[in-house]
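Q: Attaching a predicted model along with its sequence, questions to come.
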Amino acid sequence: MKQLVNLTDTELVKLYENGNNKAFEILLDKYQEKLYNQIFMIVKQRELAEDIFQETFFKAIINLKQGNYVETGKFLPWISRIAHNLIIDHFRRQKNENTVSNDTDGHDLLNNICLYEHSIEDNMINEQILNDVVHLIYFLPENQQEVVRMRIFQDLSFKEIAEITGVSINTALGRMRYALLNMRRLAEEHNLTLEMK
């Protein structure tokens, strides 16, 4: 355990991806207080902050297990962005809950098919599409894989991607464009539908 404490974030992530759970515990110990405080400063509710904090690490674990963490040596900004996105999702949901009402002008919002949750079938189809996309990424050249993972799974801006990868924004945009073209071609070759429900 003492030896692990001296490792860099990148080394700890690699160890965790290779099955060393202690490595993730070190990352958690290292950043949990700072991350929780960041979340609490925004949401200002202890219980909500704890929920978002736990969900953040849950999402981080899933992304790490799927190999979606790009080696940047910047674990805290990466996990902070996950937390930030979850906070935004929470406030969006809250706003939607507060604004949906049953109009009296003949439009019954509560019976509008567009507002229904996705069916189980739609959710299964969407999950399959996401799995197909993840598999298609592996067929891309390394530099395109990197940009796609950072943009889609880490939700980084092209400016951030350019800074992390050491290329111009135009190069990052170009790589993303070629990645999407390649993925579209691969999807057609394998008769995959990539349209979400």
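A: Received it, and whenever you're ready, just let me know what you need.

Q: ok, now how distant is residue 55 from residue 137?
A: 24 Å (C-beta to C-beta, to the nearest Å). Every residue, glycine included, has its C-beta placed from N, CA and C.

Q: now do residue 19
A: Taken as C-beta to C-beta, the span from residue 19 to residue 137 is 22 Å.

Q: now do residue 9
A: The value you get for residue 9 to residue 137, if C-beta to C-beta is used, is 23 Å.

Q: cool, residue 43 as well?
A: Distance from residue 43 to residue 137, by C-beta to C-beta: 33 Å.

Q: Those two - which one has more neighbours?
A: Neighbours were counted for residue 43 and for residue 137 using other C-beta atoms under 10 Å; residue 137 has more, 21 against 18.

Q: Could you pull up the residues touching the more buried one?
A: 145, 148-149, 179, 183 (C-beta atoms under 8 Å, 6 or more residues apart in numbering).

Q: Show me which parts of the helix or strand encompassing residue 49 are buried, residue by residue.
A: Secondary structure assignment for residue 49, by DSSP states H and E: helix 46-65. Buried residues in helix 46-65, counted by 16 or more other C-beta atoms under 10 Å: 48-49, 52-53, 55-57, 59-60, 63-64.

Q: Make TSV from those residues and add pLDDT and distance to residue 14 to it.
A: Formatted as TSV, these follow (pLDDT from 0 to 100; distance: C-beta to C-beta, whole Å):
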residue	pLDDT	distance to residue 14
48	88	33
49	89	30
52	89	27
53	88	24
55	87	24
56	88	21
57	86	18
59	85	19
60	86	15
63	83	14
64	84	10
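
Q: Include distance to residue 133 when you put these into JSON lines, please.
A: Converted to JSON lines, the buried residues of helix 46-65 look like this (distance: C-beta to C-beta, whole Å):
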{"residue": "48", "distance to residue 133": "31"}
{"residue": "49", "distance to residue 133": "32"}
{"residue": "52", "distance to residue 133": "26"}
{"residue": "53", "distance to residue 133": "28"}
{"residue": "55", "distance to residue 133": "22"}
{"residue": "56", "distance to residue 133": "23"}
{"residue": "57", "distance to residue 133": "24"}
{"residue": "59", "distance to residue 133": "17"}
{"residue": "60", "distance to residue 133": "20"}
{"residue": "63", "distance to residue 133": "14"}
{"residue": "64", "distance to residue 133": "18"}
